[in-house]
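1. Generate coordinates for the sequence data below:
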Amino acid sequence: MKITTFVDYFEGYTEAIVPRKYGKGYKLVRIYTGNYHVHDITDRQWVLKKLLYTGLIMATMLLYILSGVSKTSGNATVFVAAFSGLAVFSLVFTLVSCITYICNPREMTIFAWKRSSYGIKRWCFITAICLFCVATISFIHMLVYSMGNFFPELICSLGYGLSGFFALAMNKIEAKTEYYEKHNDVQIPFYPEADL
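-> Numbering: from 1, shown residues only. As a prediction, the model looks like this:
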């Protein structure tokens, strides 16, 4: 996992010296001069995609929570608990990536684009793997150890699997999304008399 640094956040920015308010001296500001990353879809499709991601992440979280709180013997096993812990960890990062994506404007800076698009692709894939492992282990436990509790165990396993499917669907949708770079026409102010 890469830690975001100051340099990463300001990738594509240029420093400029501008006058302070009311003409009292100058200050250093950062102006975004890099190219914007824009979806290669219409505005309506962009809004629909945000709604789709909102629905998918909510369905993923809801199915995971409902399966996790069900009173089945499979949820009490060590392996299910271990992979469920990994799934919770990755679900948090998936949720952060989705919220970042949903809150971003259409024209994204380099940092916003990497944070949301790469985050969705990476964390949704990890979440899907963890949830598929939980579903598989839960299903195997059901086949081996369930004595009369077959149906609740099956529903729990299917809930985990479907939750992983929704996470994987988000990964695949974002992986197929194409972005193009839109030129940024911002002008950097220049004040030769500025002395910081």
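2. C-alpha from now on. contacts and neighbour counts both.
-> Noted.
3. Now the helix or strand containing Glu174: buried residues?
-> Assigned by DSSP states H and E, Glu174 belongs to helix 150-176. Neighbour-count burial for helix 150-176 flags 152-154, 156-171, 174 (criterion: 16 or more other Cα atoms under 10 Å).
4. Could you do stretch 19-27 as well?
-> Buried residues in stretch 19-27, counted by 16+ other Cα under 10 Å: Tyr26.
5. ends of it, how far apart?
-> 6 Å (Cα to Cα, to the nearest Å).
6. Strands of this structure, start to end?
-> Under the criterion DSSP state E, strands of the chain are mapped to 13-19, 26-32, 36-39, 179-182.
7. As CSV, these with distance to Cys103 and mean pLDDT would be great.
-> Formatted as CSV, the strands of the chain follow (distance: least, Cα to Cα, whole Å; pLDDT from 0 to 100):
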stretch, distance to Cys103, mean pLDDT
strand 13-19, 21, 78
strand 26-32, 18, 79
strand 36-39, 14, 84
strand 179-182, 17, 83
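8. what's the distance between the nearest residue to Leu131 once chain neighbours are set aside and Gly34?
-> Counting by Cα to Cα, 6 or more residues apart in numbering, Leu131 lies nearest to Gly164, which is 4.9 Å off, once chain neighbours are set aside. Per Cα to Cα, Gly164 is found 36 Å from Gly34.
9. Could you do Met108 as well?
-> Distance, Met108 to Gly34, using Cα to Cα: 10 Å.
10. hang on, the earlier thing: now do the residue nearest to Leu131, the pLDDT please.
-> Looking at Gly164, its pLDDT reads 94.
11. contacting residues for it?
-> For Gly164, the contacting residues are Thr60, Thr127, Ala128, Ile129, Cys130, Leu131, Phe132, by Cα atoms under 8 Å, 6 or more residues apart in numbering.
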